[in-house]
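K.L.:
coordinates for the following, if possible.
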Amino acid sequence: MPGYRTKQAQIAVEGVDELIICSLVDRQQYFDPLGEAERLGISSASWAYFGNLWPSSAWLAARLARRPINPAERILEIGCGLALASLVGHRLGADVTASDCHPLAECFLLENLRLNDLPPMKYRHGHWGSRAVAPWQYDNWLRIAVVGQYDLIVGSDLLYERDAEGALARFIDAHAAPAAEVWIIDPDRGNRAEFHRAMDSQGFDACQDRIDCAPMPGIPAYKGWWLRFRRRGLSLPLVQNP
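P.N.:
Numbering: from 1, shown residues only. The predicted structure follows:
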């Protein structure tokens, strides 16, 4: 990844072979000479967030690895960042589409596919909120937006800022198939109740499971919530040991 300070790490997820993940060395980097990220509402302070592995993304990847593979099921990861969960699902043979709005997310995904000798996988531009824009072409790189509906929509650590307009819930509603499940892993952010209300207004029932994992060798402790949603009137599958 020329121009950026990166590192590689081997990431172990139970149920799948280890993955080599290329990420940014730290969260202090920033490079947006043409203002592309700024136009998308990505500030200099948050520019590097996409390129770091977050605890919630590791937990989402582990949970997805335990889900039985259904070749007919379409899965969408939103706000994927380095797309660890998408890569895990892809390695296991699921039909996964990764999506994000950061200009470099797809570049890092391609590099991580290469590092792990994985076949191509689908990536789409996924953006919600007041700064959302239509797909565009930059440097001969065509950004193709998320389209269609999916049977499972997943995301991790998406509730880090207020969303008074409910844009995320509307985006999910637009891309959730009639019987879809929605999984959001939230590390106890303060906007969870607001998101629940927004999903309720879109016609989704909710279930939340507490995550409280003690530290293990090489794995830090994690506390948060596994939020699950399904359209009103459809029951959520029972799970054990969330």
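K.L.:
use CA for all of it now, contacts and neighbours both
P.N.:
Noted.
K.L.:
please, where are all the strands along the chain?
P.N.:
6-13, 16-24, 74-77, 95-100, 122-125, 137-138, 141-142, 150-156, 176-186, 204-213, 222-231 (DSSP state E).
K.L.:
redo those strands as a markdown table? Include mean pLDDT and distance to residue 88.
P.N.:
Converted to a markdown table, the strands of the chain look like this (pLDDT from 0 to 100; distance: least, CA to CA, whole Å):
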| stretch | mean pLDDT | distance to residue 88 |
| --- | --- | --- |
| strand 6-13 | 93 | 8 |
| strand 16-24 | 95 | 7 |
| strand 74-77 | 98 | 11 |
| strand 95-100 | 97 | 9 |
| strand 122-125 | 94 | 14 |
| strand 137-138 | 44 | 29 |
| strand 141-142 | 55 | 25 |
| strand 150-156 | 98 | 13 |
| strand 176-186 | 97 | 16 |
| strand 204-213 | 93 | 20 |
| strand 222-231 | 95 | 18 |
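K.L.:
in CSV, list these along with distance to residue 64.
P.N.:
What follows is those, written out as CSV (distance: least, CA to CA, whole Å):
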stretch, distance to residue 64
strand 6-13, 10
strand 16-24, 11
strand 74-77, 10
strand 95-100, 11
strand 122-125, 17
strand 137-138, 32
strand 141-142, 29
strand 150-156, 9
strand 176-186, 10
strand 204-213, 15
strand 222-231, 12
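K.L.:
and those as CSV, adding mean neighbour count and distance to residue 47?
P.N.:
As requested, the strands of the chain are arranged in CSV below (neighbours: other CA atoms under 10 Å; distance: least, CA to CA, whole Å):
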stretch, mean neighbour count, distance to residue 47
strand 6-13, 14, 15
strand 16-24, 19, 11
strand 74-77, 24, 19
strand 95-100, 24, 13
strand 122-125, 21, 16
strand 137-138, 10, 18
strand 141-142, 10, 20
strand 150-156, 23, 17
strand 176-186, 21, 20
strand 204-213, 16, 28
strand 222-231, 20, 24
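K.L.:
tell me which of the ones you listed sits nearest to residue 42.
P.N.:
Evaluated over these, closeness to residue 42 peaks at strand 95-100, with 11.7 Å, by CA to CA.
K.L.:
now residue 181: how far from residue 155?
P.N.:
12 Å (CA to CA, to the nearest Å).
K.L.:
again, but for residue 36
P.N.:
For residue 36, the distance to residue 155 - CA to CA - is 23 Å.
K.L.:
next: residue 120.
P.N.:
Residue 120 is 21 Å from residue 155, by CA to CA.
K.L.:
again with residue 204
P.N.:
Residue 204 is 16 Å from residue 155, by CA to CA.
K.L.:
tell me which residue is most central in this structure.
P.N.:
Among the residues of the chain, the one closest to the centroid is residue 80, at 3.0 Å (CA atoms, centre = their mean).
K.L.:
all good on my end, thank you.
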